[in-house]
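Asker: build the 3D model from these lines:
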Amino acid sequence: MIDPGPRSLEELEARLARDLDLLTLPPAEWVPPRPDELGRSVLDVAVVGAGMAGLTAAFALRKLGIANVRLFDRAPAGREGPWGTFARMETLRSPKTLTGPALGFANLTFRAWYEARFGREAWEALFRIPRLQWLDYLTWYRRVTNPSVENDTTLTRLSGDADGVTLNLEGPEGTRAVRARRVVLANGRDGLGGPFIPPFWRNVDKRFWAHAHETIDFADLAGKTVAVLGAGAGAVDNAAEALESGAGKVYMLVRRKQLPRVNKSLAAGNAGILLGFNDLSDERRWAQNQYIADTAVPAPHNSMLRCSRHANFSLLTGCAVEAARVEGGRLALDTTRGPAVVDFVILATGFTVDWARRPELADLARHALLWRDRYVAPGREGSEFAEHPYLGRDFQFQERTPGAAPWLPRVHAFNYAAVLSHGRVTGDIPGISAGAERLAAGIAGALFAEDYDHHWQRLQSFETPELLGDEWTEAEGF
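Answerer: Residues are numbered from 1 along each chain as shown. Now for the predicted structure:
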């Protein structure tokens, strides 16, 4: 007989609690407290970001008995990550069956949560995961895994020394410094940079354009002519949002001669690449990432249909915008397919690693080993990949000059910028559990090594007897 599954979240949470109990999880804490020189408490791990990556990392650490962990997120509670802000897709791209951040627990999957709320028949009928339901699921995930989170709290500076890392924070408690032995940057697609903006756009009147990552008043676009620049999911999602908000005409302008049609990254989603990518040579790691970037990831089928069902939507390939200027209260564009006049432009041009746009990480940027310091593919000297951090096996930053900043290996990049070193295991749903488990194992090993003297002393002083001495009688001889 097939188990019908829990019929409510209460039943599901009881099953999850049973799973953890059977596996004796979470285990007892084993990391000794390590106060600073003034006797103040020091976190074992501080996590910057409480979205999917931060939550998964925190639970992976807790599974290993590391509980002195706190997450800091600049967003209000329930608004972490992109899902309720600049993400504008109807559904996630990922297949609904992926287990995502569940870390091997069946009763922590999206499917378990969804069936408990809506029933198995609803699950069978579901095509893909609605975006805001994914946010609801992550909110539940946070509640049942119960990490310590401080919302509305922004990192303003990251610095350190040989003994730890200092986070300067601005939040409801005002300005303060928090000390941690390890820091995890789980701060998303723009974690080491921000939205990519072609240089000439920076001189165009900002009233007439916005990046897809920014807040956009789509209602204000009703009846207007809008151009969306880009070929991927972000371009399609923003075009659809404009169309559904009553835009008079929406053009999607694509530089490529053909719209990308094949998602090459789907061929790189097996356990081998998730676990073995970091062991590849620099040349092979760069080649895989560059190939996927060059071939581009197309928009999902259903997202494209969301646009093309509107008669006032037009797609123009081979159409690069070379200049833009304000004329008569509108925006005149010079494109490779001729001039155009629009009312507003949305740049769906993705994200970039740009250290200068993260002043809070200036001390890190000054000393971090980058890919350009180790390897750049021939002819790719100007590639954004050259600015990615060259990370160690546990996602840790490494010093460009050994000894200049010994705190750098205490900081771990669990964000998009890790993709060149580790592959897609830090922000994408398919690989997030594999990445979090690798991260947690590395941090656990490092904390143990640092505290070796404590653990050695504990081993020597352990005196709980297994035998009491009355279990046998000594023989007097042969």
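Asker: packing partners for the longest strand along the chain?
Answerer: Taking DSSP state E as the assignment, the strand of the chain that covers the most residues is strand 174-185. In this structure, strand 174-185 packs against strand 43-48, strand 164-171, strand 411-413, helix 432-450, with contacts taken as 3 or more C-beta pairs under 8 Å, 6 or more residues apart in numbering; DSSP states H and E. For the C-beta atoms, the positions are set from N, CA and C on the backbone; glycine is no exception.
Asker: for the second one, the distance to its chain's centre please.
Answerer: By that I understand strand 164-171. 20 Å (C-alpha atoms, centre = their mean, to the nearest Å).
Asker: and if you look at the last one?
Answerer: Centroid separation between helix 432-450 and its chain, computed with C-alpha atoms, centre = their mean, is 17 Å.
Asker: beyond that helix, next helix or strand please.
Answerer: The helix or strand immediately downstream of helix 432-450 is helix 452-461, counting by DSSP states H and E.
Asker: ok, and what's touching that following helix?
Answerer: The contact list for helix 452-461 (C-beta atoms under 8 Å, 6 or more residues apart in numbering) reads 32, 448.
Asker: repeat for stretch 51-62
Answerer: The contact list for stretch 51-62 (C-beta under 8 Å, 6+ apart) reads 26, 45, 47-48, 67, 69, 71, 73, 80-82, 100-101, 103, 138, 141-142, 145, 147, 184, 186, 188, 414-415, 426-427, 429, 432-433, 435-437, 439-440, 443-444.
Asker: just the buried subset of those residues, written out for ChimeraX, thanks.
Answerer: Of the contacts of stretch 51-62, the buried ones go into a single ChimeraX selection, burial set by 16 or more other C-beta atoms under 10 Å:
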select :26,45,47,48,67,69,71,73,80,81,82,100,101,103,138,141,142,145,147,184,186,188,414,415,426,427,429,432,433,435,436,437,439,440,443,444
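Asker: where does the stretch 1-150 of the chain dip in pLDDT?
Answerer: For the stretch 1-150 of the chain, no stretch has pLDDT under 70.
Asker: quick one, strands of it?
Answerer: Along the stretch 1-150 of the chain, counting by DSSP state E, counting those that start in this stretch, strands occupy 43-48, 69-72, 148-150.
Asker: could you find the closest non-adjacent residue to Ala405?
Answerer: Leaving aside its sequence neighbours, Ala405 sits nearest to His367 (C-beta to C-beta, 6 or more residues apart in numbering; 3.7 Å).
Asker: likewise for Ala210?
Answerer: Using C-beta to C-beta, 6+ apart, the nearest residue to Ala210 is Ile216, at 5.1 Å.
Asker: that neighbour against Ile346, yeah?
Answerer: Yes - assessed by C-beta atoms under 8 Å, Ile216 is found in contact with Ile346 at 6.8 Å.
Asker: list residues touching both of the two?
Answerer: With C-beta under 8 Å, 6+ apart as the test, Ile216 and Ile346 both reach 210, 238.
Asker: more neighbours, these two?
Answerer: Remark: of Ile216 and Ile346, Ile346 carries more neighbours, 26 against 20, as counted by other C-beta atoms under 10 Å.
Asker: the more buried one belongs to a strand?
Answerer: Yes - assignment of Ile346 by DSSP: H, G, I helix; E, B strand; the rest coil places it within a strand.
Asker: show me what it is bridged to.
Answerer: When bridges are called by DSSP bridges, Ile346 pairs up with Ala210, Val228.
Asker: that one contacts Ala210, correct?
Answerer: Yes - when contacts are counted by C-beta under 8 Å, Ile346 is listed as touching Ala210 (6.0 Å).
Asker: okay, and the common contacts of these two?
Answerer: Counting by C-beta under 8 Å, 6+ apart, the residues touching both Ile346 and Ala210 are Ile216.
Asker: and Ala365, what does it touch?
Answerer: Listed by C-beta under 8 Å, 6+ apart, the contact set of Ala365 reads 355, 358.
Asker: that one in helix, strand or coil?
Answerer: Going by three-state DSSP: Ala365 is helix.
Asker: extract the CA atoms of the helix or strand hosting Cys307 and return them as CSV.
Answerer: Take DSSP H and E as the rule and Cys307 turns out to sit in helix 301-308. Only the C-alpha atoms of helix 301-308 are listed here, as CSV (Å, rounded to 0.1, in the frame of the first residue of the first chain):
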residue,chain,number,x,y,z
HIS,A,301,9.4,27.3,-22.8
ASN,A,302,6.4,28.4,-20.8
SER,A,303,8.0,31.8,-20.0
MET,A,304,8.5,32.4,-23.7
LEU,A,305,4.8,31.6,-24.4
ARG,A,306,3.8,34.0,-21.7
CYS,A,307,5.2,36.8,-24.0
SER,A,308,4.4,35.5,-27.5
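Asker: now tell me what touches the following helix or strand past it from outside.
Answerer: Next helix or strand after helix 301-308 toward the C-terminus (DSSP H and E): strand 313-316. Residues from elsewhere that reach strand 313-316 (C-beta under 8 Å, 6+ apart): 239, 243, 249-254, 259, 307-308, 337.
Asker: residues contacting the most centrally placed residue in the chain?
Answerer: Nearest residue to the geometric centre of the chain (C-alpha atoms, centre = their mean): Gly427, 3.3 Å. Residues near Gly427 by C-beta under 8 Å, 6+ apart: 52-53, 188-189, 415-416.
Asker: quick check: it vs Arg176, distance?
Answerer: 28 Å (C-beta to C-beta, to the nearest Å).
Asker: just send the helices and strands packed on strand 174-185 back as CSV, with distance to Ala475 too.
Answerer: Putting those into CSV (distance: least, C-beta to C-beta, whole Å) gives the following:
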stretch, distance to Ala475
strand 43-48, 51
strand 164-171, 57
strand 411-413, 58
helix 432-450, 43
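Asker: which one of those lies closest to Thr295?
Answerer: Nearest of the helices and strands packed on strand 174-185 to Thr295, taken as C-beta to C-beta: helix 432-450 at 23.3 Å.
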